[in-house]
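Student: sequence first, then the predicted structure:
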Amino acid sequence: MKSAAFDYVKPDSIEEVFSLLRQYGDDARILAGGQTLLATLNMRLSEPQLVIDITGLKALRGMRVQDERLHIGALVTHTEIENSPLVAQHAPMLSQAAPHIAHRAIRNSGTWGGSLAYGDPAAEWPCCLCALDGTVHLQGPDGARRVSATDFFQDLYTTALEPGEIVTGADLPVSTAADWYGFDELARRHGDYAVAGLAVAARFKGTVAQKVNLCFLGIGAVPVRAWHRGNRGGLPEGRARPVARSDPRAGDQAAPGHRAGASTADGGARQPQCNHSLTPETHMAELHSLQIEVNGQKQQRSVQPRQHLVDFIRNDLGLKGSHLGCEHGVCGACTVELDGHIVRGCLTLAVQAQGCKVRTIEGLSEDGDVRDLQEAFIRHNALQCGFCTPGMVMAAKELLQARPDATRTEVREWMSGNYCRCTGYHAIVDAICETLAARAQKGTGQPTDQVNA
């Protein structure tokens, strides 16, 4: 599955983003994490003329505590939230919820602002933000504004964003010693979209709960807050305000103006001029120059904006170890490393990797970083047809680094983002657990020269 032709721009300023949105309107899509947008492009559920990549704007990133509120920038990734000591201290509910979001390769790319802007009622962040009485920060060419989370999500894939506005981030009250949080969800398989989920935020005085916020995901068109009957200031129990529905197929944008976030310190209302030479009437299929390092070798090519990273690796560079399966980020066969973290090669554009370092299974094998893991795979017969094996090894390699003390259950959850067509999961988990134990016994957490069975 390949997307229709589109052009690609990576603006240097937030002003250029607004100018491009004004110029192209609904024919433009914002690329933040892209884990939903790229899937819809691949399936041709969305066919924009222009994709605007905002990931180069440094002001979009970062987390900070100010005025007793934790602010999270729109381009902070799910993994950054999951691993953040700041979040664990001041918003523990987010730390609890993050591991439920898809799988590690998706969390490495997907963003906080993109999830909020998309407004999926089965997503974790919208539900958590509503339970925590959070506020969404928006900005457009006419200035900045803030909207409470319970007012921001209005209907299925429909938010309070106006045309031309973007999400710049969100904030929430910091946790106190009197607060208790809980999050859980029911899913068919770890990382799948939840059938239902619940976020709980409670404030206690002694042993008495003075305030309890309950918010459900996956049971309605928006995150559903359970309002007390006596709460006249809120909505009736679990009901969302009816508004016009939009097309949920638009990826990171749910409707004209509903765009995954950007962030800037400048809230002024300016009308910048964009010097980009494209016009909406232009047939946009121009080639882009790509300079990239793959397995330690510098490469320079010209690529179409719509070309996937994994297609570039396989077709342009002739490295066939990474495989193509579902092409919408589910099976994990296309998993590669981008600047040290695994990503889905089918949900990453080649042009996004400009100036980056990529490693494939060929590079891992040559470097010897996973020799002990590969030998364990062989001993346990954890590779049969071999189609899934490169993606499995790539995912397992990051697990060995990030979770050297992982339990068998945690290994199963981590690896659930990769499909094995031969149903060899037990052998795969056995091989990974053996490698974990061998590295722990050696005491380095690094690859061993020889793993004892």
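Tutor: Looks like it came in fine.

Student: so how far is Leu70 from Ala201?
Tutor: Distance, Ala201 to Leu70, by Cβ to Cβ, to the nearest Å: 13 Å. Glycine gets a C-beta too; all of them are placed from N, C-alpha and C.

Student: list the buried residues for stretch 60-72?
Tutor: For stretch 60-72, a neighbour-count test (16 or more other Cβ atoms under 10 Å) marks 60-61, 63, 69-72 as buried.

Student: can I get it as PDB, trimmed to CA atoms?
Tutor: The C-alpha trace of stretch 60-72 is given here as PDB (Å, rounded to 0.1, in the frame of the first residue of the first chain):
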ATOM      1  CA  LEU A  60       7.600  22.200  20.100                       C
ATOM      2  CA  ARG A  61       9.500  20.000  22.500                       C
ATOM      3  CA  GLY A  62      10.100  19.900  26.200                       C
ATOM      4  CA  MET A  63       8.400  19.600  29.500                       C
ATOM      5  CA  ARG A  64       8.400  22.000  32.500                       C
ATOM      6  CA  VAL A  65       6.700  22.800  35.700                       C
ATOM      7  CA  GLN A  66       5.500  26.300  36.100                       C
ATOM      8  CA  ASP A  67       2.900  27.800  38.400                       C
ATOM      9  CA  GLU A  68       2.000  24.400  39.900                       C
ATOM     10  CA  ARG A  69       1.200  23.000  36.500                       C
ATOM     11  CA  LEU A  70       3.100  20.500  34.300                       C
ATOM     12  CA  HIS A  71       3.300  21.700  30.700                       C
ATOM     13  CA  ILE A  72       4.000  19.200  27.900                       C
END
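
Student: and the lengthiest helix in the chain, what does it pack onto?
Tutor: Looking across the chain with DSSP state H, the single longest helix is helix 425-442. Judged by 3 or more Cβ pairs under 8 Å, 6 or more residues apart in numbering; DSSP states H and E, helix 425-442 is in contact with helix 371-379, helix 389-402, helix 408-415.

Student: now it against helix 408-415, angle please.
Tutor: Relative orientation of helix 425-442 and helix 408-415, computed by axes from the mean of the first three to the mean of the last three Cα atoms, to 10 degrees: 120 degrees.

Student: quick one, helix 425-442 and helix 371-379 angle?
Tutor: Using the same axes, to 10 degrees: helix 425-442 against helix 371-379 is 140 degrees.

Student: now do helix 425-442 and helix 389-402, the angle between them.
Tutor: Per the same axes, to 10 degrees, the angle that helix 425-442 makes with helix 389-402 is 30 degrees.

Student: buried residues in helix 425-442?
Tutor: Neighbour count says helix 425-442 has 425, 427-436, 438-439 buried, by 16+ other Cβ under 10 Å.

Student: out of those, which is nearest to Ile14?
Tutor: Ile14 has its nearest neighbour among those in Ile432, at 43.0 Å by Cβ to Cβ.

Student: so that closest one makes contact with Leu399?
Tutor: Yes - shown here, Ile432 and Leu399 form a contact pair, counting by Cβ atoms under 8 Å, at 6.8 Å.

Student: what residues do these two have in common as contacts?
Tutor: Common neighbours of Ile432 and Leu399 are listed as 411, 415 (criterion: Cβ atoms under 8 Å, 6 or more residues apart in numbering).

Student: how about low-confidence regions in the stretch 351-453 of the chain?
Tutor: 444-453 (pLDDT under 70).

Student: the chain too?
Tutor: 228-285, 444-453.

Student: can you do 80?
Tutor: Scanning the chain for pLDDT under 80 picks out 1, 227-285, 423, 444-453.

Student: domains in it, by residue range?
Tutor: As assigned by automatic domain parsing, the chain contains the domains 1-235+254-262, 307-453.

Student: how about the helices and strands packed on helix 425-442 in CSV, adding mean neighbour count and distance to Tyr118?
Tutor: Putting the helices and strands packed on helix 425-442 into CSV (neighbours: other Cβ atoms under 10 Å; distance: least, Cβ to Cβ, whole Å) gives the following:
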stretch, mean neighbour count, distance to Tyr118
helix 371-379, 20, 35
helix 389-402, 23, 25
helix 408-415, 17, 24
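
Student: distance to Thr348 added to the ones you listed, as TSV?
Tutor: As requested, the helices and strands packed on helix 425-442 are exported to TSV (distance: least, Cβ to Cβ, whole Å):
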stretch	distance to Thr348
helix 371-379	24
helix 389-402	13
helix 408-415	20
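
Student: closest to Arg314 out of these?
Tutor: Nearest to Arg314 among the helices and strands packed on helix 425-442 is helix 389-402 (11.3 Å), distances taken as Cβ to Cβ.

Student: tell me the helices and strands packed up against that closest one.
Tutor: In terms of contacts (3+ Cβ pairs under 8 Å, 6+ apart), helix 389-402 is packed against helix 104-109, strand 335-338, strand 341-344, helix 361-367, helix 371-379, helix 408-415, helix 425-442.

Student: of these, which is nearest Leu317?
Tutor: helix 361-367 (9.7 Å).

Student: return the set of buried residues in the closest one.
Tutor: Across helix 361-367, burial judged by 16+ other Cβ under 10 Å covers 361-365.

Student: packing partners for it?
Tutor: Helix 361-367 packs on helix 389-402, going by 3+ Cβ pairs under 8 Å, 6+ apart.
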